[in-house]
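> compute the structure for the input listed below.
(one chain, ligands or ions: 2)
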Amino acid sequence: MTPSAAPWPAPFAHGPVDATVTVPGSKSLTNRYLILAALADGPSRLRAPLHSRDSALMIAALRALGATVTEVQGDGDFGPDLEVTPIPSSSREAGGLGAVAIDCGLAGTVMRFVPPIAALCRGEIAFDGDPHARVRPMGPVIDALESLGVALSAPDGARPASLPFTVYGTGAVPGGHIIVDASGSSQFVSALLLAGARFEEGLHLEHIGKPVPSLDHIAMTIAVLRELGVEVDDTVPNHWFVKPGPIRAFDVRIEQDLSNAGPFLAAALATRGTVRIPNWPEHTTQVGDAWREILPKLGARVALDGGTLTVTGGERITGAEIADTSELAPTVAALCALADSPSRLTGIAHLRGHETDRLAALVTEITRLGGDAEETADGLVIRPARLHGAVVLSYADHRMATAGAIWGLAVEGVEVEDIATTSKTMPEFPHMWARMLGFGEAAASAQTGARADGAR
Ligand SMILES: O=C(O)C1=C[C@@H](OP(=O)(O)O)[C@@H](O)[C@H](O)C1
Ligand SMILES: C=C(OP(=O)(O)O)C(=O)O
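Ligands and ions are numbered 1, 2, ... in the order given. Predicted coordinates:
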């Protein structure tokens, strides 16, 4: 996609927001179910899945490995359902795939989850991505595949340390005990667990190193695997055992993305208004359920009643000390920069390896707006300051772009460079934001849109 030439003037809220918002499907659930559908023992269906750049890249990757993914009419508000026919045995047998190329874009779930699946196919499968994808941590996936006997090489024939690289799949992975350091991303663990049941001996994965971050995402992986009949033992800390066996074909409805609900809920705090999200799941493995604990710490009232989450902003946003916010952190930090007392966010050192170095990006952009923020070893300290308008940079990071939109509600004259980067997980964002603010359909549609087709 060509980033819009002109920055997006973030709408300023002249009064409290009062809106009901429905959010597209969860990125983490959509891409996990797509992977598992490609490995399952029959055709599967995803209802109300996410349609965004990250899901489009996942679909293209699985098609390159031989899976069939078809759009079929469903009842979701944000696009068709998906039917998936798994990767056929011909992708694993003599002849196999030959040479294929997979574009990971900037999607962590594609660059980490797909290489172990590629190793189960026969062929030379080349992985690359956006410029920043080449600096996102990949070492533990590469090391793990090598210890499983899978050959990989960088384009110059050397041992790869990151993208780009080629996986030389032989059609089978023996499996067994492997050790990784997953302190840089929970996705290293999820990637191996998702493929583990299809390894001949299954998998015993051991983590050695500093604590693994974003544990909720590993819990989500395990829950989805168990739901599809895979036996996973996680009773010993830092060890995961996956039994070899089939993955049951399925028909699931994807929950809405509770992390992407965050910016809309944040709007209630930034404008002292009220935002309601219907169909909030009663039980979920999504980290975004933590909004129910996080937002009251920042001064909001939160109620979950009859399946609708209602957030009402207080008179002021209060600063807070909040740990382990994972992918919610940019939205939390955006609110902390609008607070009237200091905040400390901890347990998010690994955000330096996300779409951009998010700790550096947040400090730079908060400072650009006249705010006061500082990096710590494992997070951020944000102190109260009077913000002023500026052009906020996005760094090709959807969550930096939505942080800019939140600041714009409360601070006049905020513009966001490359709002279209929200297409990574929510192409509808500019339109939805305008609708939340009461813009008519024509004015909302005129907001710079973003495409969901995976193009850059
Ligand atoms: O498995 C997943 O779907 C994700 C895991 C997390 O990665 P990290 O462990 O790298 O934070 C999260 O931040 C990311 O947005 C999605
Ligand atoms: C870290 C994120 O994405 P990815 O799946 O690319 O790691 C995110 O969405 O906040």
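> neighbouring contacts of the helix or strand of the chain with the lowest mean pLDDT?
When each helix and strand of the chain is scored by mean pLDDT, DSSP states H and E, helix 441-445 comes last, with a mean of 90. Helix 441-445 is contacted by residues 431, 434-435 when judged by CB atoms under 8 Å, 6 or more residues apart in numbering. C-beta: built from backbone N, CA, C; applies to glycine.
> ok and the residue in the stretch 301-450 of the chain nearest ligand 1?
Glu327 (3.6 Å; CB to the nearest ligand atom).
> would you verify that Val391 is located in a helix?
No. Using DSSP: H, G, I helix; E, B strand; the rest coil, the assignment for Val391 is strand, not a helix.
> just give the closest residue to the closest residue to ligand 2 within the stretch 101-250 of the chain, not the sequence neighbours.
The nearest approach of the stretch 101-250 of the chain to ligand 2 comes at Gly108, 2.4 Å away (CB to the nearest ligand atom). Using CB to CB, 6 or more residues apart in numbering and skipping residues adjacent in sequence, the residue nearest Gly108 is Gln187, 5.2 Å away.
> swap in Ile366?
Closest to Ile366 by CB to CB, 6+ apart is Ala373, at 4.0 Å.
> Pro330: neighbouring residues, count only.
Counted with other CB atoms under 10 Å, residues neighbouring Pro330 total 30.
> in a helix, that's where it is, yeah?
Yes. Counting by three-state DSSP, Pro330 is found in a helix.
> which stretches of the stretch 351-456 of the chain form strands?
372-376, 379-383, 390-392, 414-416 (DSSP state E, counting those that start in this stretch).
> ok, the closest residue to Ala10 other than its chain neighbours - contacts?
Nearest residue to Ala10 in three dimensions, chain neighbours excluded: Gly408, at 2.3 Å (CB to CB, 6+ apart). Counting by CB under 8 Å, 6+ apart, Gly408 touches 9-12, 414-416.
> same check on Ile382?
319, 333, 336-337, 339, 342-345, 366, 371-374.
> mind doing that once more with 7 Å?
333, 336-337, 342-343, 366, 373 (CB atoms under 7 Å, 6 or more residues apart in numbering).
> now Lys243
By CB under 7 Å, 6+ apart, the neighbours of Lys243 are 197, 202, 231.
> for Val21, grab phi and psi.
Main-chain dihedrals, Val21, degrees, to the nearest 10: phi -130, psi 140.
> is it true that it touches Asn279?
No. The criterion here is CB atoms under 7 Å, and Val21 misses it with Asn279 at 10.8 Å.
> looking at these two, which is more packed in?
Val21 (19 against 12).
> ok, for that one, nearest residue in space, not its chain neighbours?
Phe264 (4.6 Å).
> tell me, how many residues neighbour the one you found?
26.
> the helix or strand it falls within near ligand 2 at all?
Assigned by DSSP states H and E, Phe264 belongs to helix 262-271. No. Using CB under 6 Å from any ligand atom, helix 262-271 stays clear of ligand 2, with a minimum separation of 10.3 Å.
> beyond that helix, next helix or strand please.
Toward the C-terminus from helix 262-271 - assigned by DSSP H and E - lies strand 274-277.
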